[in-house]
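Engineer: I would like the atomic coordinates for the input below:
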Amino acid sequence: MAPSSVWVGGIEVTPVLDAVGRLGGLAELYPETPSEAWAPYRTLYPELFVDDEWLLPCGCFLVRSAETTILVDTGVGPPGLWDWEAESEGGLPAGLESQGVGRDDVDVVVLTHLHIDHVGWNTDRDGTVFFPRARYLVHREALAFARTQDERPHVQRCVVPLLDRFEHLAPGAEIAPGVAVLELPGHYPGHAGLRVTSGGRRLDLIADMAVHPALLQEPEWVYVSDGDPARCAGTRRAVVPELLDRDVLVACGHYPGAGIGRIVTRSGRPVWVEAEA
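Structural biologist: Numbers count the residues shown, from 1 in each chain. Below you'll find the predicted structure:
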């Protein structure tokens with residue numbers, strides 16, 4: 001059974017699923033990858049495939065210490081606003097409530113980047129800030145790039161209303177004791193993750209560094225929404241060996257189940273496996 005949360009020393013990390021849907025055909029999303037190359041990954045990660053389409057979970061993470069409640073990314077947002085084939089949407093508010101976290105209880109919102117599926121509950125359907133007490137943190141380069149796309153509805157609703165509230169997410173900076181910004185360039189300008197360390201334990205939240213777990217073994221595969229594919233590949237080549245077969249938890253909101261697991265060697269290749277309860 002997938003864990004509802006994991007403890008990294010004295011820090012609790014809890015996955016909160018916002019949405020699941022069909023993002024599109026693999027041939028369109030990975031145009032340079034032949035269809036037969038997906039065969040081993042269909043076996044490894046069957047939850048992420050429906051026929052020849054990518055079934056994409058969109059999850060967020062609560063990172064809670066005794067002093068601070070951090071929400072990492074805000075999902076797709078209110079149902080019906082993203083043009084995709086959704087199986088479920090709008091789960092974040094209820095998911096937070098199930099963890100005893102209300103809108104006023106979030107101290108910090110960390111945005112790993114500003115793609116549509118990571119900013120949806122920054123605001124409500126009308127563009128009103130959804131977490132009124134929270135500090136909203138985002139990398140300066142991510143915000144600058146989003147401002148070049150002001151015509152996009154998700155930027156108008158989820159980014160523009162917060163322009164006077166955003167704070168700079170600086171690589172290496174400590175957001176709270178034991179929670180630091182992890183630079184993971186390539187997917188989006190200023191793309192970042194988090195490293196959680198406490199009590200001799202560690203969890204790396206890798207955001208969209210390897211948006212599909214197949215990319216852990218296939219770092220050169222090009223996903224159409226990777227802004228700088230060559231830099232993405234370089235980041236994956238550098239980071240995956242640092243995580244492989246180590247006692248380090250790895251979290252990604254687009255991975256199966258709870259999205260918290262480890263990267264291990266299976267049959268000579270790096271594979272993501274979900275953490276056991």
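Engineer: Tell me what residue 201 is bridged to.
Structural biologist: Beta-bridge pairing of residue 201 under DSSP bridges involves residue 198.
Engineer: Next: the one 4 residues further on.
Structural biologist: With DSSP bridges applied, the residues forming beta bridges to residue 205 are residue 194, residue 251.
Engineer: My reading is that residue 156 lies in a helix. Confirm?
Structural biologist: Yes: applying DSSP: H, G, I helix; E, B strand; the rest coil, one finds residue 156 inside a helix.
Engineer: How about it, nearest residue that isn't a chain neighbour?
Structural biologist: Counting by CB to CB, 6 or more residues apart in numbering, residue 156 lies nearest to residue 150, which is 6.7 Å off, once chain neighbours are set aside. All C-beta spots, glycine's among them, are computed from the backbone N, C-alpha and C.
Engineer: For that neighbour, the count of nearby residues, please.
Structural biologist: By other CB atoms under 10 Å, 10 other residues sit near residue 150.
Engineer: That one against residue 160, yeah?
Structural biologist: Yes: using CB atoms under 8 Å, residue 150 is in contact with residue 160, at 6.8 Å.
Engineer: that older thread, for the residue nearest to residue 156, give its distance to residue 117.
Structural biologist: 19 Å (CB to CB, to the nearest Å).
Engineer: Likewise for residue 269?
Structural biologist: For residue 269 relative to residue 117 (CB to CB), the value is 28 Å.
Engineer: who's more crowded, those two?
Structural biologist: For the pair residue 269 and residue 117, the greater number of neighbours falls to residue 117 (25 against 13), based on other CB under 10 Å.
Engineer: What confidence value was assigned to that one?
Structural biologist: Residue 117 carries a pLDDT value of 98.
Engineer: what about it, which SS state?
Structural biologist: Look at residue 117: counting by three-state DSSP, its state is helix.
Engineer: so it makes contact with residue 74?
Structural biologist: No: using CB under 8 Å, residue 117 is not in contact with residue 74; the gap is 9.5 Å.
Engineer: Report the contact partners of residue 64.
Structural biologist: 11-14, 70 (CB atoms under 8 Å, 6 or more residues apart in numbering).
Engineer: Would you mind putting the residues you listed into TSV with neighbour count and distance to residue 98 alongside?
Structural biologist: Shown next, in TSV, are the contacts of residue 64 (neighbours: other CB atoms under 10 Å; distance: CB to CB, whole Å):
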residue	neighbour count	distance to residue 98
11	23	19
12	18	14
13	24	15
14	20	10
70	24	17
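Engineer: Could you export these as CSV, including pLDDT?
Structural biologist: Formatted as CSV, the contacts of residue 64 follow (pLDDT from 0 to 100):
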residue, pLDDT
11, 98
12, 98
13, 98
14, 98
70, 98
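Engineer: and which of these is nearest residue 136?
Structural biologist: Closest approach to residue 136 among the contacts of residue 64 (CB to CB): residue 70, at 11.4 Å.
Engineer: what about that closest one, helix or strand, and which?
Structural biologist: Residue 70 is located in strand 69-72, with elements delineated by DSSP states H and E.
Engineer: Packing partners of that strand?
Structural biologist: Strand 69-72 is packed against strand 53-64, strand 108-110, with contacts defined by 3 or more CB pairs under 8 Å, 6 or more residues apart in numbering; DSSP states H and E.
Engineer: Quick one: residues in contact with the helix or strand just after the last one.
Structural biologist: With elements assigned by DSSP H and E, the helix or strand that comes after strand 108-110 is strand 135-138. Strand 135-138 is contacted from outside by 107-111, 113-114, 122, 162, 165-169, 175, 190, using CB under 8 Å, 6+ apart.
Engineer: In strand 135-138, which residues are buried?
Structural biologist: If you call a residue buried by 16 or more other CB atoms under 10 Å, then strand 135-138 has these buried ones: 136-138.
Engineer: With stretch 157-171 instead?
Structural biologist: Going by neighbour count (16+ other CB under 10 Å), the buried part of stretch 157-171 is 157-159, 161-162, 166, 169.
Engineer: Thanks a lot, see you next time.
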